[in-house]
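Student: Need the 3D shape of this:
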Amino acid sequence: MFLLTLITIILIVYIIEQNSIKNALKGIEYTQNTSLTLVEPNEEFDIVCILQNRTRRFVAFLRLKEKFSKEIELFLKNSEKFDNNILESSHYLMPRQKLERRFRASIPKRGRYFLYGATIFGGDFLGISETIGDYSCIEEVVAIPKESKLPDIEIKLSGYIGDISINRFIFEDPILTAGFNDYTGQEPQKMISWVQTARVGHLMVKKYDYTLELIVTVLLNIDYNGDNNEELVEECFSIGRSVCQFLESKNIKYRFITNATIAGTRPIWANSDYGWGKNYLMNILEGLGRAVYIVREPYEKMLDRALNFAELGVGHILITPKMEESYLAGKDKLKELTGYDVCMLTPNQGGE
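Tutor: I've put the predicted structure just below:
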């Protein structure tokens, strides 16, 4: 009788053990996401990890190994173990329980960073073995470049934009015609619109808006193989951010062109016309955050693209790691087509 009872108990334990091994991770779900997908360097955000039991059974033991880009800094409690970009923890789940864990985090420098998901180990009934499940996922966080610390960048940009506005005032451009007024005798004869005069039967003069459609093309070049290459290119990305923010603050439409490789996406602004506004700016800043040190095309090809878009009255701002003699020819070509000089900005020299 005792032997029969013992065999029955062993059989029951065996069945439970096999069932626990088979279903160790059945109904277990895991996701990762972030409260922000676009952040400033050192800006804090939340990483949200959700572990869920979809079944009606009690899950006694789960061990998690969650993986993040090593550059992501997590602010953890002393009891939590984070080593070699792996966060380890153990949990149990009640039936239908959803366990949400939040961690404060930050990223110290510009770039593209990832949350890779987790490996989950489910324990068996007897604690002898573990069932391993791969819960990989790819979630991105992009850190945009810091603003440039060049002390006189805004002064140089203000001077350049001011020069364009003055030239447009001195040399009237028919493109800037905003309407027509009656001729008073005080206006120069060249301002008379003969078409409008013929239409209304008396002398009419053109009314100019000297701030109408002031537009700029921003060129960001990283085709440079000299000393401190990465450091200088990083500063160029920061200058690019500061230039775009300056143009936004002045309500100036602009086009953004770069020969840097933008990882993970094809930016909307790559083929867009001149733009302006928060969404346009944030799209460019995201692109600068994703940019890597791989030159997508040489400077000469990027310049050719700019020349294709160049037209009379358009300003150009060139950001480059270092001034090269070969850039001067392109600068002269742009000036010839637009009527304006090119504002050149470098990390070491500021502007020229």
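
Student: S326: neighbour count?
Tutor: Per other C-beta atoms under 10 Å, the neighbour tally for S326 reads 10. Glycine gets a C-beta too; all of them are placed from N, C-alpha and C.

Student: what about the nearest residue to it once chain neighbours are set aside, distance to I72?
Tutor: With C-beta to C-beta, 6 or more residues apart in numbering as the criterion, S326 has its nearest non-adjacent residue at 7.6 Å, and that residue is Y299. Applying C-beta to C-beta, to the nearest Å, the value for Y299 to I72 is 34 Å.

Student: ditto for M282
Tutor: 21 Å.

Student: For the two, indicate the residue with more neighbours.
Tutor: A direct count of neighbours by other C-beta under 10 Å for M282 and I72 places I72 higher, at 21 against 12.

Student: isn't the more buried one right up against R104?
Tutor: No. In this structure, I72 sits apart from R104 without contact. The criterion is C-beta atoms under 8 Å, and the distance is 11.0 Å.

Student: just the helices in the stretch 51-200 of the chain please.
Tutor: Listed from the start of the chain, the stretch 51-200 of the chain has helices (DSSP state H, counting those that start in this stretch) covering 153-170, 194-200.

Student: show me what contacts the most centrally placed residue in the chain?
Tutor: Taking C-alpha atoms, centre = their mean, the centroid of the chain lies closest to E286, which sits 0.9 Å from it. Contact criterion C-beta atoms under 8 Å, 6 or more residues apart in numbering gives 38, 142, 144, 267 as the residues in contact with E286.

Student: Of the residues you listed, which is the nearest to R290?
Tutor: V142 (5.8 Å; C-beta to C-beta).

Student: measure the closest one to D46 for me?
Tutor: On the measure of C-beta to C-beta, V142 and D46 end up 16 Å apart.

Student: now, which of the contacts of E286 sits nearest E88?
Tutor: V142 (26.8 Å).

Student: neighbouring contacts of the host helix or strand of D304?
Tutor: Assignment of secondary structure by DSSP states H and E places D304 within helix 299-309. Taking contacts as C-beta under 8 Å, 6+ apart, the residues outside helix 299-309 that touch it are 217, 219, 221, 223, 255, 257-259, 316, 320, 326-327, 330, 333-334, 337.

Student: Try it again at 10 Å.
Tutor: Residues from elsewhere that reach helix 299-309 (C-beta atoms under 10 Å, 6 or more residues apart in numbering): 215, 217-224, 255, 257-260, 273-274, 295-298, 310, 314, 316, 318, 320, 324, 326-327, 329-331, 333-334, 336-338, 342.

Student: Which ones among the residues you listed lie within helices?
Tutor: Among the contacts of helix 299-309, the ones falling in helices (DSSP state H) are 327, 329-331, 333-334, 336-338.

Student: Now list the buried members of those.
Tutor: Neighbour counting by 16 or more other C-beta atoms under 10 Å classes 327, 330-331, 333-334, 337-338 among those as buried.

Student: need those in a markdown table with pLDDT and distance to K67, can you?
Tutor: Shown next, in a markdown table, are those (pLDDT from 0 to 100; distance: C-beta to C-beta, whole Å):
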| residue | pLDDT | distance to K67 |
| --- | --- | --- |
| Y327 | 75 | 44 |
| G330 | 80 | 46 |
| K331 | 84 | 48 |
| K333 | 87 | 50 |
| L334 | 88 | 48 |
| L337 | 85 | 51 |
| T338 | 83 | 51 |
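
Student: Which residue, other than its chain neighbours, is closest to H91?
Tutor: H91 sits nearest to L62 (C-beta to C-beta, 6+ apart), 5.0 Å away.

Student: So, low pLDDT: which residues of the stretch 1-150 of the chain?
Tutor: 2-4, 6-24, 78-80, 123-129 (pLDDT under 70).

Student: mind listing what the closest residue in space to I107 that isn't next to it in sequence touches?
Tutor: Counting by C-beta to C-beta, 6+ apart, I107 lies nearest to A143, which is 4.4 Å off, once chain neighbours are set aside. The contact partners of A143, by C-beta under 10 Å, 6+ apart, come to 38-43, 71-72, 106-113, 289-290.

Student: Filter those residues down to the buried ones.
Tutor: With neighbours counted using 16+ other C-beta under 10 Å, those contain these buried positions: 38-40, 72, 106-107, 110-113, 289-290.

Student: before we move on, back to that, now the buried members of the contacts of helix 299-309.
Tutor: Using 16+ other C-beta under 10 Å as the burial test, those include 215, 217-224, 255, 257-260, 274, 295, 310, 314, 316, 318, 320, 327, 330-331, 333-334, 337-338, 342 as buried.
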